[in-house]
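S.K.: Turn this into a structure:
(one chain, ligands or ions: 2)
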Amino acid sequence: MVLQVTEDQTKAFEGQKPSTSGLRKAVKVFQQPGYTENFVQSILTALGPRLAGSTLAVGGDGRFFCTEAVDIIIKIAAGNGVAKLLVGQNGILSTPSASNVIRKYKLTGGILLTASHNPGGPDNDFGIKFNTSNGGPAPDAVTNEIYDLSRTITKYKIVKDLNCNISEIGLKKFQVDGKSFEVEVIDPVADYVTLMKEIFDFDSMKKLIKGDAKRPPFQVLINSMHGVTGPYAEEIFVKELGASQENMVKTNILPDFGGHHPDPNLTYAADLVESIAKGEYDIGAAFDGDGDRNMVLGKKAFFVTPSDSLAVLAANLDCIPYFKKRGVHGFARSMPTGAAVDRVAADKKKEIFETPTGWKYFGNLMDAGRISLCGEESFGTGSDHIREKDGIWAVLAWLSVVAHLGKSVESIVKEHWSKYGRNFFTRYDYENCDADQSNKMMIELENKVTAPGFAGQTFKSGSKTYTVQAADNFEYLDPIDGSVAKNQGIRIMFTDGSRLIFRLSGTGSSGATIRLYAESYESDKKVIENPASEMLQPIVQLALELSQLQKYTGRDKPTVIT
Ligand code: G6P
Ligand code: ZN
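M.R.: Ligands and ions are numbered 1, 2, ... in the order given. Got it, this is the predicted structure:
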């Protein structure tokens, strides 16, 4: 069949502004005629001179509308002179594996189809995200350009009759207006497994899982929450490392994630918590929809906060072959993330960076060789092996540390606290609040905390007294490219190292989600193992008073506590 490019007229849609992590909207929004086409065309146009003859990766987390979106992308890419697409079989590519494919095959970039941890299905969310040639989420300059193009678009180029079967692995060749266009359908898992085997010592993990005369088998419980990690987890934990298939839960990908929030935290992965609480498993982990987030639990559901997870891995990285070979450069964490890793950095004399929320801010630091490991309180941990956070990588890193130290997850964390002190940390989420009222609250709070005289004030809450050292709306100057990110969250820092942070989420698709982060540092061994909720109660109380959160939102308790 002769395939031809046509230029279709379209009108711009409002609000195609990518936020923290791509364009995320309800599926129904993406299903409007022209909506997805416009955004894909804007991504491609933004490539400028790199578009013609480019090769891009395409894949997503398997949620509802993924295969339709892949079809649209294939047709529009063919219409725009893209030379080749590498598409995950059935449209599947976890976010970390897409990042790897872009880097490994030196592609121009990739289009990732996911709304990460947001629920999926016809009545829930979809998302499209563009990653650049380093494998990481596009920086602000690129997403702003895409947004600008989406506001003035009048037509898109498409090859309507190009139909490509993405369920079969292999190279498919087409001729479009006399030029060649290729789609290579790839195994979504294979390249990722190869990468993990290059990074980690699989033999030591295999021995740990198998056990020996001196040590019983180490029981690993994995819960993929019906997201994209299922096939990756089965290949790695069962086939490669010898874990039992019975220990793999919800590893079949479902387009609506079984009707749940595919978000690995204590609330949405309650089934993992419940199963591991019984004491039969030594480590438990869950991942989000697209496989970049992770939650790690020790025996009897001992919860490792993401901030502690980052710090413990930072302290033990040299037991992993990848870091042994390449050395450990600095560390980074997002601003709201607990500062436990800062203490490890100081101890190990490494650089430490505090960036805004969003994985994209780590990319420049990694590309410049300044950091090896980074993490966020939002259940993200990763390294410079790719440019996305990586859920399965994090669990393999934990298994490596456990195999190396020969101790349980709980003892490793507790010994870490006793060496470095403990950064108690909690996050309260108030989901789906009224946007106007939430904005008002943030403005009022900013005015209050930046007014002259706020720094230096002392507040009493419960048995504690806090003196404000400084407060601001966090701003980041990227040390590599000099770009500035403003308005990244209100910080109140106290003289004892405690902190309160308020942010509006950038990943929701409707209303506003207020996040309140509270941190308090203790080195006193008598209190170090106390429950975090108890230790943080006074500072949370103070946060609620300072922000007047209840008055603005009408909420007397958060939707989720992590
Ligand atoms: C995504 C990004 C993370 C970021 C998180 C913040 O998951 O990939 O890097 O930490 O969003 O979400 P929020 O809802 O707090 O803006
Ligand atoms: Zn995600």
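S.K.: Could you use CA atoms for every contact and neighbour count after this?
M.R.: Fine.
S.K.: Identify the structural domains in this protein and state their residue ranges.
M.R.: Annotated domains of the chain cover 6-187, 191-420, 422-561 [the TED database].
S.K.: Comparing those domains, which yields the minimum mean pLDDT?
M.R.: Mean pLDDT values for the domains of the chain show the minimum at domain 422-561, a mean of 92.
S.K.: what about that domain, near ligand 1?
M.R.: Yes - interface with ligand 1: domain 422-561 contributes 505-507 (Cα under 6 Å from any ligand atom).
S.K.: what's near enough to touch Leu500?
M.R.: By Cα atoms under 8 Å, 6 or more residues apart in numbering, the contact list for Leu500 reads 491-493, 516-519, 539, 543.
S.K.: Doesn't it lie inside a helix?
M.R.: No - counting by DSSP: H, G, I helix; E, B strand; the rest coil, Leu500 is not part of a helix but strand.
S.K.: Spell out which parts of the stretch 101-250 of the chain neighbour ligand 2.
M.R.: Ser116 (Cα under 5 Å from the ion).
S.K.: mind redoing it with 8 Å?
M.R.: 114-117 (Cα under 8 Å from the ion).
S.K.: Dump the residues you listed to TSV, plus distance to Lys278 and secondary structure.
M.R.: Converted to TSV, those look like this (distance: Cα to Cα, whole Å; DSSP: H, G, I helix; E, B strand; the rest coil):
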residue	distance to Lys278	secondary structure
Thr114	33	coil
Ala115	32	coil
Ser116	29	coil
His117	27	coil
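S.K.: Please spell out the PyMOL selection for the buried subset of the residues you listed.
M.R.: Per 16 or more other Cα atoms under 10 Å, the buried members of those correspond to this PyMOL selection:
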select buried, resi 114+115+116+117
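S.K.: Name the nearest of the residues of the stretch 101-250 of the chain next to ligand 2 relative to Ile74.
M.R.: Thr114 (16.7 Å; Cα to Cα).
S.K.: now stretch 345-365, how far from the centre of its chain.
M.R.: 15 Å (Cα atoms, centre = their mean, to the nearest Å).
S.K.: Then stretch 21-32?
M.R.: 19 Å.
S.K.: My read is that Tyr430 contacts Asp556, right?
M.R.: No - using Cα atoms under 8 Å, Tyr430 is not in contact with Asp556, being 9.7 Å away.
S.K.: And the closest residue in space to Pro18 that isn't next to it in sequence, which helix or strand is it part of?
M.R.: Leaving aside its chain neighbours, Pro18 sits nearest to Thr143 (6.2 Å; criterion: Cα to Cα, 6 or more residues apart in numbering). Using DSSP states H and E, Thr143 falls within helix 140-152.
S.K.: Val312 now?
M.R.: helix 306-316.
S.K.: How about the stretch 51-200 of the chain: which residue is closest to ligand 2?
M.R.: Relative to ligand 2, the nearest point of the stretch 51-200 of the chain is Ser116 (3.7 Å; Cα to the ion).
S.K.: from memory that residue sits against Pro264, does it?
M.R.: No - counting by Cα under 8 Å, Ser116 stays clear of Pro264, with 10.9 Å between them.
S.K.: Looking at the residues of domain 422-561 next to ligand 1, which one is closest to Ser94?
M.R.: Nearest member of the residues of domain 422-561 next to ligand 1 to Ser94, counting by Cα to Cα, is Thr507, at 18.1 Å.
S.K.: Verify the contact between that closest one and Ser19 for me.
M.R.: Yes - shown here, Thr507 and Ser19 form a contact pair, counting by Cα under 8 Å, at 6.8 Å.
S.K.: Which of these two has more residues huddled nearby?
M.R.: In this view Thr507 and Ser19 are compared by other Cα atoms under 10 Å, and Thr507 has more residues nearby, 21 against 17.
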